[in-house]
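> Let's see this in three dimensions:
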Amino acid sequence: MGVVKYHEGRFPPRELDWQRLLPLIGPANAAVARYDGVLHGIPNAQVLLSPLTVQEAVLSSKIEGTQATIGEVLEFEAIHPFLDGNGRTGRLLVPLFMVDQKLLGSPDFYISAYLEARREEYYERLLAVSRDGDWTGWCAFFLKALTKQAGDNELKAKAVLDLYGQKKDWITELTRSQHAIRALDWFFSRPVFKTSDFVRSAQIPKPTANRIVRLARDDGLLRELRAGSGRRPAILVFPDLLNIVEGRPVF
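You can find the predicted model right below:
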């Protein structure tokens, strides 16, 4: 991999056009605060939002070749000496930076969908920082990203929470099992899975695990993506959850 030359003395920016940025700061702050409020109301958010985390990783892996990002994140990417991996690592630091600054209570913020949808503009804004010292343009772009993505994240988080609330009573009534909620939590954390993985790792007795999967599939919570054959296990999906994560009907 090639080495990127780090330009010393370029961080932090010496000047910003605050007249341009101030109208964008309020909406971004309000949107992030609303999203953080939703996060605080989600029990076991690390489980329920794990599909969104996986989607973030997938989208982030598509956005490579960048060499800068916000504040310390932008500085980190410039210091990082390799062409590959700078952008992805920088985007991982965005939610951690927001938690450190008390903007979020947990690092469950997903920014890559906005950046992937505007990849050319994203690259241009990053390049303009290195080429022209245009921090104001970058900050304006990122504030708009925060506003839009916080709103989208809020809607998805609410939809996931609503779905979980609906299915808790449903699966308890359907299975009449003390393991029903454990199974549901597992389905939320792994919306695409092999039946053998569930039976092995859900910490539910094997006969009960097989029964729960069968009932959940037959009653429509799960859908068979690939049928089992011989020793090859079936692959099942959780369509309602995946449709929320994707933001469109995919199943």
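
> surely Leu146 meets Ala31?
Yes: using C-beta atoms under 8 Å, Leu146 is in contact with Ala31, at 6.7 Å. Quick note: C-beta positions are derived from backbone N, CA and C, even for glycine.

> who are the neighbours in contact with the nearest residue to Cys139 once chain neighbours are set aside?
Excluding the flanking residues, the one nearest Cys139 by C-beta to C-beta, 6 or more residues apart in numbering is Leu21, at 5.7 Å. Leu21 sits next to 136, 139-140, 143 when contact means C-beta atoms under 8 Å, 6 or more residues apart in numbering.

> How is this protein divided into domains?
18-158, 176-246 (automatic domain parsing).

> Over to the shortest one now: how far is its first residue from its last?
To tie it back to what came earlier, the one meant is domain 176-246. 31 Å (C-alpha to C-alpha, to the nearest Å).

> In this protein, where is pLDDT below threshold?
1-11, 47, 54-88 (pLDDT under 70).

> For it, just list every one of the strands.
Under the criterion DSSP state E, strands of the chain are mapped to 192-194, 223-226, 235-237.

> returning to what we had before: distance to Tyr164 for the domains of the chain - can I get that in a markdown table?
As requested, the domains of the chain are exported to a markdown table (distance: least, C-beta to C-beta, whole Å):
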| stretch | distance to Tyr164 |
| --- | --- |
| domain 18-158 | 6 |
| domain 176-246 | 6 |
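
> And these: which comes nearest Gln166?
Gln166 lies closest to domain 176-246 among the domains of the chain, at 9.0 Å (C-beta to C-beta).

> Thr53 touches Tyr110, doesn't it?
Yes: using C-beta under 8 Å, Thr53 is in contact with Tyr110, at 7.5 Å.

> As a check, name the ranges of all helices in the stretch 1-150 of the chain.
For the stretch 1-150 of the chain, the helices defined by DSSP state H, counting those that start in this stretch occupy 18-40, 45-48, 50-62, 71-79, 86-100, 112-117, 119-132, 135-175.

> can you redo those helices as CSV with distance to Val245?
Below are these laid out as CSV (distance: least, C-beta to C-beta, whole Å):
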stretch, distance to Val245
helix 18-40, 16
helix 45-48, 11
helix 50-62, 5
helix 71-79, 25
helix 86-100, 17
helix 112-117, 10
helix 119-132, 20
helix 135-175, 7
